[in-house]
Every structure is written in C-alpha cells, then in structure tokens.
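here's my sequence, what's the structure:
(one chain, ligands or ions: 1)
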Amino acid sequence: MALASGVRFAERALLRPWALLRGTTLGRTEPAAGGGGDGARRFGSQRVLVEPDAASGVAVMKLRNPPVNALSLELLTELVISLEKLENDKTFRGVILTSDCPRVFCAGLDLTEICGRNPAHCAEYWKAMQELWLRTYLSSLVLVAAINGACPAGGCIIALSCDCRVLADNPKYRIGLNETLLGIIAPFWLKDTYVNTIGHRASEQALQLGSLFPPAEALQVGLVDQVVPEDQVQSTALSEMARWLAVPDHARQLTKNMMRKATADRLLRQRDADTQNFVSFVCRDSIQKSLQAYLEKLRQRKG
Ligand SMILES: CCCCCCCCC/C=C/C(=O)SCCNC(=O)CCNC(=O)[C@H](O)C(C)(C)COP(=O)(O)OP(=O)(O)OC[C@H]1O[C@@H](n2cnc3c(N)ncnc32)[C@H](O)[C@@H]1OP(=O)(O)O
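I've put the predicted structure just below:
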C-alpha cells in the first residue's frame, strides 16, 4: 500500500513527458545486430538507444548525444520517455544505463541550454531536469549505472539516482558534483542525493570543493560500488543486476520507496519554487558571465 500511494502521489505530480517533446524522433524500432525475435529488437530515439532482452527482463539504455552526452532538453525528454516505456512494460525488471559516446558517460547539464537563453527556456529546461531525476530516483525498476566515461555534475546526478554504480578504472573517468567550480550551486535535492549516498561530512567537503573523484577515490568515498577494468564494466553491471533481481520485486520496491520517498517528496512539494530559484539564479548577469567563461574555456581546451 505504501508503495502504491507513494507512486500515485509521485505520478500525479510528474509532468507528462511528451509535453516536453521538441523535435524528437521517438518510438523507432529496429532489429538488433544479429538479433532475432521481439526480445532482441532495439527501440529508442535519436539520442537514447534501448537494447531490450525480454528473456532476462533487462534492457540496456545507451545515451548517444555526441560528443559528450550533454543533457540537452531533447536528451532529457527522450530519457524520460524511454524509461517510462520500460516501466510500463511488465516484461522488464531492470535497466542498465550506459553511454554510447567514447570516454564520456555524461557531461552534465548542456550549458548551451542555460547560457544566453530567456527565463522561459531555462524554466522549461529545469523542469525537464527535475522530471528525469524524479523518474530515475523513484523508478520501480532496478537501475544499474555502467559508467564507462567521465561523469561530472548532471552525469553524476543520473548515476546517483540509480541503485548501483559500476565505474571503469580509468583515471580520466572522474565522477562528482563540480558545480561550485562553475560558480553555480547544486540544488537541495541534488545535495540530498549526495548526502544519502556518501554521508554528510564527505558531501559537505566534496560539494564545497567541487571535487571530481578518480575511480579509486570514488570507490573509497562510496560514490560508486565497484571499479573494474573498462572491458568488464558491462559484464559486472549485468552481475550486479542479477544480484538485485534475485530479490522479490515487491519487497525490493517497497524498501526502495521507503528509503527514497522523503527525499523525492521534498522536491515534489516545492517544485515550482525550485524552478523559480534556478531561473532567477542562472539568469543573473554574474552567473551568465561565469557560465560563458566556463564554456569558452572548454571550447579553447580543444585540440
Ligand atoms: C539556486 C539554484 C541553483 C541551481 C544551479 C544549477 C545546478 C545544476 C546542477 C548541474 C550542473 C551541471 O551539470 S553543470 C555542467 C558541468 N559539466 C562539466 O563541468 C563538464 C564539462 N566538460 C568536460 O569536463 C569535458 O568536456 C569532458 C566531459 C570531461 C569530456 O572531455 P573531452 O576532452 O572528451 O571533450 P571536450 O573537448 O572537452 O568537449 C567536446 C565538446 O563538448 C562541449 N561540452 C563539454 N561539456 C559540455 C557541457 N556540459 N555543455 C555543453 N557543451 C559541452 C565542449 O565545449 C566541446 O565543444 P566544441 O569545442 O564546440 O566541440
């Protein structure tokens, strides 16, 4: 009962994802390479590739928004819709979230969505970000993040809202919330997710310093659950998934809801205020200047 009412409450408060749709191409289905029956058919959209395996009840969801899987409004929308599709299909009990872009899991917010944009656009964008977090954080599916690349800021948020994280052992694949280094602040629900994962003191330190942890440190602080050689990320994610799926769904889902509901409800209660905060903050001249300077630095670093 607790789960049913919790989920209904969350669902009522969530946006209809297709209301966010803008120029997306969804619902395409194509046979997987070497695949046969329905269980092997891929579906997805331009920026999210879903490889479902009906036999195991597990789907692999790949972010493919090159070059760095920045969270554009389109990618956020397509992720929400793909996840909802799997949630609504009783065949599926688990999703492995990974990247189709080399060396980057997800670069976080697409800074071009909040630089030089009007307040209405920033608000629409932030609502989509909240929506993705709520959907992943409260998902009834088991979500395993197979982190096969760099995972800063918004990328880290996505990984943290999964149930379990496997990170490839490459010193370039750092993970964490580096917002302060861009001159911005992690919102309270992001901070809560961090605290829920690594504890208050470690979060206090890491958030203020904008720390990006290399794999060994990420493991030590508890930001990820396993660090494995790059070519074993997928197989380890599958083994982790098997461990989580060995638990009866209803008991695991009720427990997940019990652990996460209060954190999610806090955002659901003040979603509009959170959006207004975000918009007034990022639209300030001083914040726009530091975001522009950061983007410029990223562009110049190239080559
Ligand atoms: C009160 C409430 C307050 C609310 C305050 C709000 C809080 C919000 C919480 C979340 C915040 C965020 O996510 S903020 C985003 C934080 N993200 C980051 O700091 C990551 C920045 N990116 C990187 O560090 C790197 O790109 C990295 C991901 C490691 C990949 O390195 P690579 O060498 O492979 O690639 P690069 O050459 O750097 O990048 C390739 C191209 O992608 C672009 N690019 C890279 N990251 C990008 C990004 N996030 N958005 C847009 N574009 C990006 C570069 O400019 C290049 O563009 P071209 O030169 O044109 O090709």
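
only C-alpha atoms from now on, for both contacts and neighbour counts.
Noted.

how about the helices in the stretch 51-200 of the chain?
Counting by DSSP state H, counting those that start in this stretch, one finds helices in the stretch 51-200 of the chain at the ranges 73-87, 119-137, 154-160, 188-198, 200-209.

got the angle between the second one and helix 73-87?
This means helix 119-137. If you take axes from the mean of the first three to the mean of the last three C-alpha atoms, to 10 degrees, helix 119-137 sits at 30 degrees to helix 73-87.

now do the buried residues in helix 119-137.
119, 122-123, 125-137 (16 or more other C-alpha atoms under 10 Å).

from these, which is closest to Ala146?
Nearest to Ala146 among these is Thr136, at 14.7 Å by C-alpha to C-alpha.

list the contacts for that closest one?
Leu83, Leu143, Ile158, Ser161, Cys162 (C-alpha atoms under 8 Å, 6 or more residues apart in numbering).

between the residues you listed, which is nearest the ligand?
Taking C-alpha to the nearest ligand atom as the measure, the ligand lies nearest Ile158 of the contacts of Thr136, at 10.1 Å.

so that closest one touches Trp133, yeah?
Yes: contact status for Ile158 versus Trp133: in contact at 6.9 Å, counting by C-alpha atoms under 8 Å.

now distance to Ser45 and mean pLDDT too, for the helices of the stretch 51-200 of the chain, in a markdown table please.
Shown next, in a markdown table, are these (distance: least, C-alpha to C-alpha, whole Å; pLDDT from 0 to 100):
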| stretch | distance to Ser45 | mean pLDDT |
| --- | --- | --- |
| helix 73-87 | 7 | 97 |
| helix 119-137 | 16 | 98 |
| helix 154-160 | 19 | 98 |
| helix 188-198 | 27 | 98 |
| helix 200-209 | 34 | 98 |
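
burial count for the nearest residue to Trp126 once chain neighbours are set aside?
Spatial nearest neighbour of Trp126, excluding adjacent residues (C-alpha to C-alpha, 6 or more residues apart in numbering): Thr275 at 6.3 Å. Residue neighbour count, defined by other C-alpha atoms under 10 Å, stands at 18 for Thr275.

same thing with the one 10 residues further on?
Taking other C-alpha under 10 Å as the neighbour definition, Asp285 ends up with a count of 11.

report pLDDT for it.
Asp285 is assigned 97 on the pLDDT scale.
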